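**Student:** Need a 3D model of the following:
(chains A and B)
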Protein chains: 2
Amino acid sequence: MIGIFDSGIGGLTVAKEIIEQLPYQIIYLGDNARIPYGTKSKTTVLKYSIENTKFLLNQGAKLIVIACHTASSLAEEELKRKFKIPIFGVLKPGIEEALRTTVNKKIGIIGTSSTISSKAHQKLIKTLNPEIEVFSVACPLFVPLVEENWEKRPETKKIARYYLKTLKRKQIDTLILACTHYPILSSVISEVMGKKVKLVDPAKIIPLTLKQFLSNHPEIESSLKKGDSHKFYFSDYPPKIPFAFQKLLSKNYKSLWKKD
Amino acid sequence: MIGIFDSGIGGLTVAKEIIEQLPYQIIYLGDNARIPYGTKSKTTVLKYSIENTKFLLNQGAKLIVIACHTASSLAEEELKRKFKIPIFGVLKPGIEEALRTTVNKKIGIIGTSSTISSKAHQKLIKTLNPEIEVFSVACPLFVPLVEENWEKRPETKKIARYYLKTLKRKQIDTLILACTHYPILSSVISEVMGKKVKLVDPAKIIPLTLKQFLSNHPEIESSLKKGDSHKFYFSDYPPKIPFAFQKLLSKNYKSLWKKD
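**Tutor:** Numbering: from 1, shown residues only, chains lettered A, B, ... in the order given. Now for the predicted structure:
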């Protein structure tokens, strides 16, 4: 099985892309008992990421996808050192796509406070192409706005305009949506940034990254079960879970409560 | 010691009132590794509240104050059954003050999604005075707006207007701020609701409740140490903690990291 974890339901967008484009069974863990990760310290995010990875391994995962950008920015390197299985974050695929996309070599990054202050994107972009100019902005209210289903309200547009004004002034031509919730706001972000700015959703790139890896590693590929008996676990089970689950996956899978 | 817990730093407003009005040492636990509580299920909030209470008891607390309105609404009764020491929530003191304040017998409640959907305030008010009309609204974006220090931004006022319009129409004359973060927004809430509506901040009432209880229970009173060697623990320690700590307590106490 392909193991996927996220701080909550946002990573289901990543799960959906993988399910649609690859034939393998997945097991998903949404750690919504401790959501959000984006306001918490590196130590705490790393601790949670290790616990999530162990859970997925115990359930039979043969490779791990970190769907959460905060966990990917703060914990991916440590997880790769600690666990002897293939681990994929959303950081690198998003950056590679942005590098393929940009023409004027000005890339913007938006994410949670912890993701942005980690500077993980800047560091990786600088090693891949030192000519690129990177501009980043934390947008902490975007997650609660999405959780409130406010993607079409005027307050959301006003807040987006405020957050994005620096990036607009810097004339970036490519913007990485470095948080699983942000693609849900892509129409308002696009409206504010203008049509010339290309938005990069790393969730869309992950399946391609996995495909390439698996075609080069048949021993891992053959260890993955095929089929659609996917499993979805959540560490908390508030009343809105089944609704959000349906909305994001748009298919009738069963979600389970992972009790400690 | 008086033990106080909250889901994060918001409960420091309660701690501050207690420190200023009572002579006893306090021990505070902010569970910001798992903040917020207000979007999580009753089962999870209860589990966290039990763990927090045990920690405070192990540290020598002789009575417990639940500074968090979500924990108070969802877990107070269970904690009182489970632990054999005096436990005080913010629910009842706030309600009693609102009942003393209202003239037209129309009381509003604003809080997190979990607090409001628990209907804990309605149930208690109905038992204390069945004549009162209660109107409640969840304001989930208020906490992230405060965490962003956006209390003076126009977006916040626009959002407050949206959330509060039903309560305004119902012509309440008293509004309980049933979340520790909301008093920080009291000027914008007051501006939107109008000067005739009295805001009730339960944090202000808690010291009086404790004083009355302790004067009737000298055996508990004598078990509390006096002095200002207060202890403040946080389950996560992101970079903003010392700043927020100073801002809310406005005194130079030391904060500690409670690692598992």
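**Student:** Show me the domain layout of chain A.
**Tutor:** Domains of chain A are assigned by automatic domain parsing as A:2-90+A:204-257, A:91-202.
**Student:** the strands in chain A, which residues?
**Tutor:** All strands of chain A, identified by DSSP state E, fall at A:2-6, A:26-30, A:63-66, A:87-88, A:106-111, A:133-138, A:174-178, A:198-200, A:231-234, A:255-257.
**Student:** mind listing what's buried in the first one?
**Tutor:** Translated: strand A:2-6. Within strand A:2-6, the residues that count as buried by 16 or more other C-beta atoms under 10 Å in any protein chain shown are A:2-6. C-betas here are computed from N, CA, C, even on glycine.
**Student:** Within its sheet, name the partner strands of that strand and how each one runs.
**Tutor:** strand A:26-30 (parallel), strand A:63-66 (parallel) (DSSP bridges).
**Student:** Go through these and name the closest to B:A178.
**Tutor:** Nearest to B:A178, of all the strands paired with strand A:2-6, is strand A:26-30, at 27.8 Å by C-beta to C-beta.
**Student:** ok now the closest one, how far from the chain's centre?
**Tutor:** Between the centre of strand A:26-30 and the centre of its chain there are 13 Å (C-alpha atoms, centre = their mean, to the nearest Å).
**Student:** In PDB, could you pull the C-alpha coordinates for that strand?
**Tutor:** Backbone C-alpha positions of strand A:26-30 (Å, rounded to 0.1, in the frame of the first residue of the first chain) are rendered in PDB as follows:
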ATOM      1  CA  ILE A  26      -3.600   3.600  -0.500                       C
ATOM      2  CA  ILE A  27      -3.800   4.000   3.300                       C
ATOM      3  CA  TYR A  28      -4.400   7.600   4.400                       C
ATOM      4  CA  LEU A  29      -4.000   9.100   7.900                       C
ATOM      5  CA  GLY A  30      -5.400  12.600   8.600                       C
END
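**Student:** just to revisit the earlier point, mind putting the strands of chain A into TSV with mean pLDDT?
**Tutor:** Formatted as TSV, the strands of chain A follow (pLDDT from 0 to 100):
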stretch	mean pLDDT
strand A:2-6	98
strand A:26-30	97
strand A:63-66	98
strand A:87-88	98
strand A:106-111	98
strand A:133-138	98
strand A:174-178	98
strand A:198-200	98
strand A:231-234	95
strand A:255-257	87
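**Student:** With distance to B:F88 as added columns, please give the domains of chain A in a markdown table.
**Tutor:** Formatted as a markdown table, the domains of chain A follow (distance: least, C-beta to C-beta, whole Å):
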| stretch | distance to B:F88 |
| --- | --- |
| domain A:2-90+A:204-257 | 26 |
| domain A:91-202 | 30 |
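**Student:** which residue ranges form the helices in chain A?
**Tutor:** Per DSSP state H, chain A carries helices over the ranges A:12-21, A:42-58, A:69-82, A:91-101, A:113-118, A:120-128, A:142-147, A:154-169, A:186-193, A:202-216, A:218-221, A:241-249.
**Student:** And the second one, what does it pack against?
**Tutor:** Just to be clear, that refers to helix A:42-58. strand A:2-6, strand A:26-30, strand A:63-66, helix A:69-82, helix A:113-118 (3 or more C-beta pairs under 8 Å, 6 or more residues apart in numbering or on different chains; DSSP states H and E).
**Student:** In the stretch 101-250 of chain A, where is pLDDT below threshold?
**Tutor:** Under the criterion pLDDT under 70, no range of the stretch 101-250 of chain A is flagged.
**Student:** Quick check: residues of it near chain B?
**Tutor:** Within the stretch 101-250 of chain A, the positions adjacent to chain B are A:114, A:117, A:140-141, A:143-145, A:147-148, A:150, A:153-155, A:158-159, A:162, A:236-239 by C-beta under 8 Å from any C-beta of the partner chain.
**Student:** Mind doing that once more with 7 Å?
**Tutor:** Contact residues (C-beta under 7 Å from any C-beta of the partner chain) of the stretch 101-250 of chain A with chain B: A:140-141, A:144, A:148, A:155, A:158-159, A:162, A:236-238.
**Student:** List the backbone torsions phi and psi for A:K119.
**Tutor:** With angles defined as degrees, to the nearest 10, A:K119 sits at phi 60, psi 20.
**Student:** Look at the closest residue to A:P242 other than its chain neighbours and say how many residues are nearby.
**Tutor:** Nearest non-adjacent residue to A:P242, counting by C-beta to C-beta, 6 or more residues apart in numbering or on different chains: A:S255, 6.6 Å away. Using other C-beta atoms under 10 Å in any protein chain shown, A:S255 is surrounded by 19 other residues.
**Student:** Who is A:S255 paired with across the strands?
**Tutor:** Beta-bridge partners, per DSSP bridges, of A:S255: A:F232.
**Student:** Go ahead and confirm it touches A:F243.
**Tutor:** No - between A:S255 and A:F243 there is no contact under C-beta atoms under 7 Å: 10.7 Å.
**Student:** returning to what we had before: which of the residues of the stretch 101-250 of chain A next to chain B ranks first by neighbour count?
**Tutor:** A:I159 (28 neighbours).
**Student:** Quick check: the gap between it and B:W150.
**Tutor:** Distance of A:I159 to B:W150, given as C-beta to C-beta, to the nearest Å: 9 Å.
**Student:** Could I get the contacting residues of the residue of the stretch 51-200 of chain A found nearest chain B?
**Tutor:** In the stretch 51-200 of chain A, the residue that lies nearest chain B is A:P144 (4.3 Å; C-beta to the nearest C-beta). Residues near A:P144 by C-beta atoms under 7 Å, 6 or more residues apart in numbering or on different chains: B:140-141, B:144.
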